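Asks: here is a sequence with its predicted model. Questions after.
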Amino acid sequence: MSRVEKRSAARLGAVQALYELEMSGKGVNEALAEFESHWLNREIEEVPARTADDAFFRDLVTGFVREQTMLDRRIDDALQKGWPLKRIEMVLRAILRSASYELYFRLDVPARAVISEYVDVAHAFYEQDEAGLTNAVLDALARDARPDELQRRAN
């Protein structure tokens, strides 16, 4: 399995772990240990597991938790007025949170790749509307986090 595929699986796992963290109220270390031992890289409901980049997965989850206050504020700013992050459905919120961490703190991954990957994750859970919202919010976040990178590509 390629590095890209392992990172894609790690992103999906990070979204699921962030969702579980919010649902359960567990601490990040407890949630990570449980997720890694029971869900990550495991066949679920007869769907074969995709091998995830474990270090990348852990960084996405722990990095978001560490930077949550700043990242949630940025996501709130990128959302339409009247629709704060707390009103967004929990899985979609987890998608935006994992992606925001990657856009602001994982500069080794191109912004356009981050956006594309998380739009794909949104498609795994939702129909078009949520994927479109994901694309729009992540584009706004990327322009804030990496204006030079996106400007170079646009010209």
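Replies: It's in. Numbering: from 1, shown residues only.

Asks: list the residues that contact residue 109.
Replies: If a contact means CB atoms under 8 Å, 6 or more residues apart in numbering, then residue 109 has 7, 102 as its contacts. No exception for glycine: its C-beta is placed from N, CA and C like everyone else's.

Asks: how close does the closest residue in space to residue 21 that isn't next to it in sequence get to residue 135?
Replies: With CB to CB, 6 or more residues apart in numbering as the measure, residue 31 is the residue that lies nearest to residue 21, at 4.9 Å, once sequence neighbours are left out. The gap separating residue 31 from residue 135 is 28 Å, by CB to CB, to the nearest Å.

Asks: so which of those two has more stuff around it?
Replies: Between residue 31 and residue 135, counted using other CB atoms under 10 Å, the more crowded position is residue 31 (20 against 15).

Asks: report the secondary structure element holding that one.
Replies: Using DSSP states H and E, residue 31 sits in helix 28-38.

Asks: which stretches of this protein have low pLDDT?
Replies: Scanning the chain for pLDDT under 70 picks out the ranges 35-50, 82, 152-155.

Asks: middle-most residue in it, spatially?
Replies: Taking CA atoms, centre = their mean as the criterion, residue 98 is the residue nearest the geometric centre of the chain, at 2.6 Å.

Asks: quickly find the element holding that one.
Replies: The secondary structure element spanning residue 98 is helix 90-105 (assigned by DSSP H and E).

Asks: could I have that helix exported to PDB, CA atoms only?
Replies: What follows is helix 90-105 as a C-alpha-only set of coordinates in PDB (Å, rounded to 0.1, in the frame of the first residue of the first chain):
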ATOM      1  CA  MET A  90     -20.700  16.000  14.700                       C
ATOM      2  CA  VAL A  91     -19.200  13.900  11.900                       C
ATOM      3  CA  LEU A  92     -18.900  16.900   9.600                       C
ATOM      4  CA  ARG A  93     -17.400  18.900  12.600                       C
ATOM      5  CA  ALA A  94     -14.800  16.100  13.000                       C
ATOM      6  CA  ILE A  95     -13.900  16.300   9.300                       C
ATOM      7  CA  LEU A  96     -13.400  20.100   9.400                       C
ATOM      8  CA  ARG A  97     -11.400  19.800  12.600                       C
ATOM      9  CA  SER A  98      -9.000  17.100  11.300                       C
ATOM     10  CA  ALA A  99      -8.600  19.000   8.000                       C
ATOM     11  CA  SER A 100      -8.000  22.300   9.800                       C
ATOM     12  CA  TYR A 101      -5.100  20.900  11.800                       C
ATOM     13  CA  GLU A 102      -3.600  19.500   8.700                       C
ATOM     14  CA  LEU A 103      -3.900  22.800   6.800                       C
ATOM     15  CA  TYR A 104      -2.400  24.900   9.600                       C
ATOM     16  CA  PHE A 105       0.200  22.500  11.000                       C
END
